[in-house]
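# Provided below for reference: sequence and predicted model.
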Amino acid sequence: MKKTFRATLFYVLCTLIVVLWMVPFVVAFFTAFKTMDEIFMLRNFWSPPKTWTFENFKIAWIEGRMARYFINTAIVTAVSVAGTLLLSSLSAYALAWYEFKLRTTILMIFVSGMLIPFQMLLIPVYRFSVVTGLYDTLIGVILFHVAFQLGFCTFFLRNFMVTIPSSLFDAARIDGAGAFRIYSKIIMPLVKPAVAALSILEFTWIWNDYLWSLILLQSDAKKTVTIGLTTLQGQWISSWNVIAAGALLAATVPVIVFLIFQRYFIQGLTLGSIKG
Amino acid sequence: MRKKLTPYLFLAGPLTLYSIWVIYPIFRTFLVSFTRWDGMTKSRFVGWENFVRLFNDRYFILSLLNNLKWMIGFVILSIPLGLLFAMLMDQKYPGHKVYKSLVYLPMALSFVVIGQIWSWVLEPSGGVVNAFLRWIGLEGLAKPWLSDPKIVTYSLIWAALWRQIPYAMVLFLAGLQSVDKEHVEAAIVDGANAFQRFWYVILPELRPAIVITITVNIIDSLRAFDIVFVMTRGGPYYSSSVMANYMYIQAFHNYRMGYGASIAVIQFLITLGFILIYVLNVLKREERL
Amino acid sequence: MKKFVVLVLVTIMVFVFAKERIVINSYMSDPAPRKALAELVEIFQQKYPEYEVVVNTFAHEDFKVLLRTWLASPKGTADVVTWFAGERMRYFAEMGLIVPVEEVFEGAKWEDYFPEAFRSTCSYKDKIYFIPQSWYWWGVYYRKSVFEKFGIKEPKTWDDFLQVCETLKKNGIVPITIGTKFPWTAAGWFDILNLRINGLDYHIALTAGEVPYTDPKLLKVFEYWRQIIDKGYLLPNHTAYEWQEAATFLFRGQAGMYYMGQFIKDVAPAEVKDDLDFFRFPIIDPAVAPYEETPIDGFMIPANAPNKKGAIVFLRFIASKEAQEKFAKDLGRLAANVEVAPPDAHAKKGLDMILASAGVAQFYDRDTNPEMAEVGMNAFIEFMQNPDRINDILKRLEAERKRIYGK
């Protein structure tokens, strides 16, 4: 009896929370399928559309130049994630397995760098990009993302690496394996789960980045999805249905990736437990 | 000799990149904060002038206080609610995974999307919140959530919590994994009721998770920017401004780079305190390992 | 050897046939003007096939922020940028961040293209830095059908105006709509009230930072403004909306009037466009001649533009009768070029209103220093929400004026 009561309580409360949490999604979903007339005559966001229309998605896709922007975002995200993971695994390896004078200092630098208010970087980073010709190139945005995420990734991977028993490392060393060999053949295979978790986290963050693409890119041909969405908002300010359609389009990829790889995402957040 | 060099070889690449894009800009901002600079013509060294001015700037003080509201809001809402959600969904009834996924979903979204969606939820005339309040007969509670200077900051925090609570929940769920099930069983045998079990057994074991989650939330609250930027840009007339946003306005709207930099520096120094707490915590935990 | 020759030939061909690029960064992000500019660029490329023009479009508010970053960077990324005439242009000219564009008029004079009256707002220290493209007027927009329905006639005086508001309100229509999420719309009200009450010379002196904000004459402006606030004639919660969102209330017949620039037509749905009309903002003090707001939009060349030569060629095209006529026609605005007649009856009415006025101002944020404009416009919003605080607000504005102008 008590058991059924507890189960009922669980389902009731969870359903309540989920319903509450889904309201904003439902609002966006309904709005995206409404006609302009319905939006402004009724001016409500909670009722389902009387007539469903796909027109808004078409406008958002074409006017928002989403096709082009999706490709750009995909390139930026893929290369940035790969670059960050590669470089941070190198630095994490050094910080986890070697004793040297500046170890703590360097670790501290990486850790505090990942928590700083990013506005500190805006102006100098912009100017640096322009001077070096990296401005308005995808590679410029990628380099920045890689560098900016290094702090977090290094910290994350190092924390994972120190949990590996050091006997493995020592044994390989005694066998005469070189440092890079130990890194690539022994340590990296062991941190695979951490790398998986990290890559999903990084994927979501970089895909969703807005400010840095705004500051570092200018050509329409190079912009990313989030910029496309804000430009769409600027153009269709009063056409809430089109913007909603654009927002849903922009959200598809990260949401799908999240749903598929959720396990890694959660592991990542838990292991890293710092960024959001 | 060679051995000593090895870690540095591994660090060379990452550290170079990091120095150029992160370390150098931070130092640069510190320097700029002592100048008067419009970002275009030559800058002029002015000593502490920007900082003195800051503490006489009512909108900066307002932004600082708003950050404080964010901090309190995050701590007193996302910690208990996150914990509650975690405790609830940690019970492994069939379907608990589906519930979790749905609650987590906001974490996959960009702030641009979150901000847009929430401005519809809170829209004064037809937004869901006000429509609901009217429907249940509480017309009087229907408010212009984003245009009344007195409540706009709370509305923004509310929107941010949509993403922040699931985040706290994730951290607590991880913490709950490490709660010793035997202790809980023992408490049940001793006849402790649910509340006692929670208060005397589970909560103390969750302490490390709670400390981390609080610190993370505080740091996030001090860095709040995106939601404000997307939903109100700090308006109406700076009433929902936070430090990050005010810095952006000063530096990029008002062409006061030096002044903006000094805000960034203050924000950095405040955050640094919490960063240190966090880092020390992490390192301390490590020693125990 | 053969390979080498081929290589050289290919290189030469590429060199000869490679098009020179002109990069334009534009804030024309509303669908109608964006399309109009794209079509102009198309015509330009047909006329000058040696150039390839790239247009980068930014959301309006983002553009305002980014422009300065582009101009100030040691290496330029755009050859031509859209902007506003007046103080906002001079601000950059003074710092040497934009260059004079007199070469556009090679073999001709300013007067061959544009009215003499425009010269000073487009110049800095007697040099022309700005090529005007179009200009427009601000007026009180309304829907003819709505006015007809309630038997309302266009008000001429302030008292008539208040009467119209009252009639609308009684019939359940919001008398005046406005969206102040971005605060410049409020500056429109400030400007026109100041022009009506204190006249143009005073307004110019004020926006130039020469008059204290605590001046008693200025207080009168806010007293008039207060009348419509206290009587509840303004759209409630206007700070939640952007100007286009506020306009939808007018288009849907839920609000009666909107003091706005002609560009409101850009965003009006087709079925409302012809129903939309405007009248001159009512006279408050008969002793003060009618002055209006007529912002001028156009282009300038950054000092760091990589292709200044191309930029000049493009601007010469923009100044031409052909280009100005097309743009004005597409958007129903007035062309800056003297040879272009108003494109339609609506524009003719606007032009007549301006010709019948005693003088014109640009706009608060175009006439005054950008930093002052930011504080000033936010202060207007604060006033609209808390009219009782006006004395305190003006005191703070005065402190800012002193700091910014160093007076």
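Yes, it's here.

# Look at the nearest residue to B:L88 once chain neighbours are set aside and report its pLDDT.
Spatial nearest neighbour of B:L88, excluding adjacent residues (Cβ to Cβ, 6 or more residues apart in numbering or on different chains): A:L13 at 5.7 Å. For glycine as for every other residue, the C-beta is placed from the backbone atoms N, C-alpha and C. Per-residue pLDDT puts A:L13 at 92.

# just A:R43 next, same as before
pLDDT, A:R43: 69.

# same thing with A:G276?
pLDDT, the model's per-residue confidence, is 36 for A:G276.

# Count the neighbours of B:P204 for me.
B:P204 has 11 neighbours, counted by other Cβ atoms under 10 Å in any protein chain shown.

# what about it, helix or strand, and which?
helix B:203-223 (DSSP states H and E).

# Is the helix or strand where A:A196 lies in proximity to chain B?
Element membership for A:A196, per DSSP H and E: helix A:192-207. Yes. Judged by Cβ under 8 Å from any Cβ of the partner chain, helix A:192-207 and chain B are in contact via A:T204, A:W207.

# what mean pLDDT would you report for the helix or strand following that helix?
Sequence-wise, the next helix or strand downstream of helix A:192-207 (DSSP H and E) is helix A:211-216. The average pLDDT for helix A:211-216 rounds to 87.

# residues making contact with helix A:211-216?
For helix A:211-216, contacts defined as Cβ atoms under 8 Å, 6 or more residues apart in numbering or on different chains pick out A:76, A:118, A:122, A:125-126, A:129, A:134-136, A:140-141, A:144-145, A:148, A:223-224, A:226-227, A:230, B:226, B:229, C:62, C:66, C:69.

# and the residue nearest to B:L88, that's in a helix?
Yes. Applying DSSP: H, G, I helix; E, B strand; the rest coil, one finds A:L13 inside a helix.

# Distance check, it against B:I165.
Using Cβ to Cβ, to the nearest Å, A:L13 is found at 14 Å from B:I165.

# Looking at those two, which one has more neighbours?
Shown here are A:L13 and B:I165; by other Cβ under 10 Å, B:I165 has more neighbours (25 against 15).

# Remind me which helix or strand the more buried one belongs to.
Secondary structure from DSSP H and E places B:I165 in helix B:152-177.

# so does that helix get close to chain A?
Yes. Using Cβ under 8 Å from any Cβ, helix B:152-177 reaches chain A at B:W162, B:R163, B:Q164, B:P166, B:Y167, B:V170, B:L171, B:L173, B:A174.

# So is the very next helix or strand once past that helix next to chain A?
Using DSSP H and E, the helix or strand that follows helix B:152-177 towards the C-terminus is helix B:181-189. No. Using Cβ under 8 Å from any Cβ, helix B:181-189 never reaches chain A; the gap is at least 12.5 Å.

# and helix B:181-189, what's its mean pLDDT?
For helix B:181-189, the mean per-residue pLDDT is 83.

# go on, stretch B:232-252?
For stretch B:232-252, the mean pLDDT works out to 88.

# Alpha carbons only: can I get that stretch in CSV?
What follows is stretch B:232-252, C-alpha atoms only, in CSV (Å, rounded to 0.1, in the frame of the first residue of the first chain):
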residue,chain,number,x,y,z
THR,B,232,16.2,43.4,-22.0
ARG,B,233,19.7,44.7,-22.7
GLY,B,234,19.6,45.9,-19.1
GLY,B,235,16.5,48.0,-19.6
PRO,B,236,14.2,49.7,-18.9
TYR,B,237,16.8,52.4,-18.1
TYR,B,238,19.4,50.1,-16.6
SER,B,239,17.0,48.6,-14.0
SER,B,240,17.8,45.0,-15.0
SER,B,241,21.5,45.7,-15.7
VAL,B,242,24.1,43.5,-14.2
MET,B,243,27.9,44.1,-14.1
ALA,B,244,28.7,42.2,-17.2
ASN,B,245,25.9,43.9,-19.1
TYR,B,246,26.8,47.4,-17.8
MET,B,247,30.4,46.8,-18.8
TYR,B,248,29.2,45.9,-22.3
ILE,B,249,27.1,49.0,-22.5
GLN,B,250,29.8,51.4,-21.3
ALA,B,251,32.5,49.9,-23.5
PHE,B,252,30.6,49.2,-26.6
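
# Any part of that stretch near chain C?
Yes. Counting by Cβ under 8 Å from any Cβ, chain C has neighbours in stretch B:232-252: B:T232, B:R233, B:G235, B:P236, B:Y237, B:Y238, B:I249, B:F252.

# ok, the first one to C:L250 distance?
Yep, that's B:T232 we're talking about. 23 Å.

# Would you pull up the residue in the stretch 51-200 of chain A closest to chain C?
In the stretch 51-200 of chain A, no residue comes nearer to chain C than A:V130, which is 4.1 Å away by Cβ to the nearest Cβ.

# For that residue, which non-adjacent residue is spatially closest?
Ranked by Cβ to Cβ, 6+ apart and with sequence neighbours excluded, the top spatial neighbour of A:V130 is C:S73, at 4.1 Å.

# just A:Q262 next, same as before
Distance criterion Cβ to Cβ, 6+ apart; nearest residue to A:Q262, sequence neighbours excluded, is B:S101 at 5.9 Å.

# Name the surrounding residues that touch the strand or helix carrying the one you found.
For B:S101, the host element (DSSP H and E) is helix B:96-104. Residues outside helix B:96-104 that contact it (Cβ under 8 Å, 6+ apart) are A:10, A:14-15, A:17-18, A:21-22, A:258-259, A:262, A:265-266, B:85, B:89-90, B:166, B:169-170.

# coming back round to it: give me the helices and strands touching the helix holding A:A196, please.
Helices and strands touching helix A:192-207, by 3 or more Cβ pairs under 8 Å, 6 or more residues apart in numbering or on different chains; DSSP states H and E, are helix A:66-97, helix A:138-161, helix A:240-260, helix A:262-272.

# what's the angle from the very next helix or strand once past the second one to helix A:138-161?
Read it as helix A:138-161. Downstream of helix A:138-161, the first helix or strand assigned by DSSP H and E is helix A:166-174. Relative orientation of helix A:166-174 and helix A:138-161, computed by axes from the mean of the first three to the mean of the last three Cα atoms, to 10 degrees: 110 degrees.

# For stretch B:268-277, buried residues please.
Under the neighbour-count criterion of 16 or more other Cβ atoms under 10 Å in any protein chain shown, stretch B:268-277 has B:F268, B:I270, B:T271, B:F274, B:I275 buried.

# I misspoke; the intended subject was stretch C:285-301.
For stretch C:285-301, by 16+ other Cβ under 10 Å, it's C:288, C:290-301.

# which of the contacts of helix B:96-104 count as buried?
Looks like those have A:10, A:14, A:17-18, A:21, A:258, A:262, A:265-266, B:85, B:89, B:166, B:169-170 buried, using 16+ other Cβ under 10 Å.

# Which one of these is nearest to chain C?
Using Cβ to the nearest Cβ, A:W21 is the member of the buried ones among the contacts of helix B:96-104 that sits closest to chain C, with 23.9 Å.

# hang on, that closest one packs against B:P106?
Yes. A:W21 is within contact range of B:P106, at 7.3 Å (criterion: Cβ atoms under 8 Å).

# what do the two both touch?
B:W162, B:P166.

# I'd like the next helix or strand past the helix ranked longest in chain C.
Counting by DSSP state H, the longest helix found in chain C is helix C:184-207. Downstream of helix C:184-207, the first helix or strand assigned by DSSP H and E is helix C:216-230.

# on contacts alone, who are the packing partners of that following helix?
Going by 3+ Cβ pairs under 8 Å, 6+ apart, helix C:216-230 lies up against helix C:158-170, helix C:184-207, helix C:370-385, helix C:390-405.
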